[in-house]
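S.K.: based on what follows, work out the 3D shape:
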Amino acid sequence: MSYRPTIRYPDVYKDYVEKVFQATTLDRNQIIRLALYVAAHSDEYNAILKKHQTADVPLPRPGWGKDEERCWKDQNYRKKTNPAPIKIIEQGGIKIVIG
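M.R.: So this is what the prediction gives:
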């Protein structure tokens, strides 16, 4: 499932996004996702959020790492999870995990 918000921002942002779009192979949605992807790990972004933080509500941490570029490149990105092993067999010093 993808989330498709309507984004309203001043023309100065629109002009910037348009110029980045023309200067790169990225589409406009990738440009916006890239900005959020980087912002979540930015000290400056988090400092601004803290100024507007609601009392007693912790700020969230991003659910993606700095190395997960597919997160902003692919609009249908799903974080891979490691499923729990189904069966563990240990015999003679050899451990086999099936799962």
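S.K.: quick one, strands of the protein?
M.R.: Chain-ordered strands for the chain, with DSSP state E as the definition, fall at 87-91, 94-98.
S.K.: where does the prediction get shaky in the chain?
M.R.: Counting by pLDDT under 70, the chain contains low-confidence residues at 1-2, 79-89, 95-99.
S.K.: all helices for it, in order.
M.R.: The residue ranges that make up the helices of the chain, judged by DSSP state H, are 11-23, 28-39, 43-51, 70-73.
S.K.: list the residues that contact the nearest residue to residue 61 once chain neighbours are set aside.
M.R.: With Cβ to Cβ, 6 or more residues apart in numbering as the measure, residue 40 is the residue that lies nearest to residue 61, at 8.0 Å, once sequence neighbours are left out. Any C-beta I mention is one placed from the backbone N, CA and C, and that applies to glycine too. By Cβ atoms under 8 Å, 6 or more residues apart in numbering, the residues touching residue 40 are 61, 62, 64.
S.K.: re the thing from before, just put the helices of the chain in TSV and tack on distance to residue 57 and mean neighbour count.
M.R.: Formatted as TSV, the helices of the chain follow (distance: least, Cβ to Cβ, whole Å; neighbours: other Cβ atoms under 10 Å):
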stretch	distance to residue 57	mean neighbour count
helix 11-23	27	12
helix 28-39	19	16
helix 43-51	11	10
helix 70-73	24	17
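S.K.: now distance to residue 5 too, for those, in a markdown table please.
M.R.: As requested, the helices of the chain are arranged in a markdown table below (distance: least, Cβ to Cβ, whole Å):
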| stretch | distance to residue 5 |
| --- | --- |
| helix 11-23 | 14 |
| helix 28-39 | 9 |
| helix 43-51 | 18 |
| helix 70-73 | 15 |
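S.K.: what's the closest of those helices to residue 4?
M.R.: Proximity to residue 4, assessed across the helices of the chain by Cβ to Cβ, is greatest for helix 28-39 (8.9 Å).
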